[in-house]
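Student: the following comprises the amino acid sequence and a computationally predicted model.
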Amino acid sequence: MWGGVFGLPYVENERWGGLILTLLLATLRHGASRFRSSILLALGRRSELPVMRALCVAYIELIRGVPLISVLFMALGDAAAVPAGGRDRSTSCCARRSR
């Protein structure tokens, strides 16, 4: 917000609108949801129910076993599947169906 970083000018707070609040809340929500799921998985791993333990251990080991570069390449492929903002929406499948 202060500007001067990477040669960017200062931008007044009024012009940001709710961007900072949105980014802050999204970051906190994402972190909180990951924390909750990790606690549930850890408890499931220590469970005495064989099916629950097996599912939790399988999920944890699957996530741990996937190299980060593979996850990044999958995310890149997903991002490439999203259409560009300038696409003509009148030719999309949803527009044809509503006619």
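Tutor: The structure has been received and is ready for your questions. Numbers count the residues shown, from 1 in each chain.

Student: going by C-alpha atoms from here, please, whenever you check contacts or count neighbours.
Tutor: Fine.

Student: find the residue at the geometric middle of the chain.
Tutor: Against the mean C-alpha coordinate of the chain, by CA atoms, centre = their mean, the closest residue is residue 30 at 7.6 Å.

Student: tell me the pLDDT at that residue?
Tutor: Residue 30 carries a pLDDT value of 84.

Student: so which helix or strand takes in it?
Tutor: Following DSSP states H and E, the helix or strand that holds residue 30 is helix 19-45.

Student: quick check: angle from the next helix or strand after that helix to helix 19-45?
Tutor: Scanning forward in sequence from helix 19-45 by DSSP H and E, the next helix or strand is helix 50-65. Angle of helix 50-65 versus helix 19-45, following axes from the mean of the first three to the mean of the last three CA atoms, to 10 degrees, is 130 degrees.

Student: could you give me the average pLDDT of helix 50-65?
Tutor: Helix 50-65 comes out at a mean pLDDT of 91.

Student: so how far is that helix from its chain's centroid?
Tutor: Between the centre of helix 50-65 and the centre of its host chain there is 22 Å, according to CA atoms, centre = their mean, to the nearest Å.

Student: ok, now stretch 60-80?
Tutor: Counting by CA atoms, centre = their mean, stretch 60-80 comes out at 12 Å from the chain centroid.

Student: what's that stretch in contact with?
Tutor: Residues from elsewhere that reach stretch 60-80 (CA atoms under 8 Å, 6 or more residues apart in numbering): residue 41.

Student: try it again with 10 Å
Tutor: 38, 41, 42, 45, 54, 55, 56, 57, 58, 59, 81 (CA atoms under 10 Å, 6 or more residues apart in numbering).

Student: got the CA positions of that stretch in PDB?
Tutor: What follows is stretch 60-80, C-alpha atoms only, in PDB (Å, rounded to 0.1, in the frame of the first residue of the first chain):
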ATOM      1  CA  ILE A  60      -1.600 -38.700   4.100                       C
ATOM      2  CA  GLU A  61       0.900 -41.000   2.400                       C
ATOM      3  CA  LEU A  62      -0.600 -40.200  -1.000                       C
ATOM      4  CA  ILE A  63      -0.200 -36.500  -0.400                       C
ATOM      5  CA  ARG A  64       3.300 -36.900   1.000                       C
ATOM      6  CA  GLY A  65       4.400 -39.100  -1.800                       C
ATOM      7  CA  VAL A  66       3.500 -36.800  -4.600                       C
ATOM      8  CA  PRO A  67       6.400 -34.500  -5.500                       C
ATOM      9  CA  LEU A  68       5.600 -30.800  -5.400                       C
ATOM     10  CA  ILE A  69       6.600 -30.300  -9.000                       C
ATOM     11  CA  SER A  70       3.900 -32.700 -10.000                       C
ATOM     12  CA  VAL A  71       1.300 -30.700  -8.100                       C
ATOM     13  CA  LEU A  72       2.500 -27.500  -9.700                       C
ATOM     14  CA  PHE A  73       2.300 -29.000 -13.200                       C
ATOM     15  CA  MET A  74      -1.300 -30.200 -12.500                       C
ATOM     16  CA  ALA A  75      -2.200 -26.800 -11.300                       C
ATOM     17  CA  LEU A  76      -0.700 -25.300 -14.400                       C
ATOM     18  CA  GLY A  77      -2.800 -27.600 -16.600                       C
ATOM     19  CA  ASP A  78      -5.900 -26.700 -14.600                       C
ATOM     20  CA  ALA A  79      -5.200 -23.000 -15.100                       C
ATOM     21  CA  ALA A  80      -4.700 -23.400 -18.800                       C
END
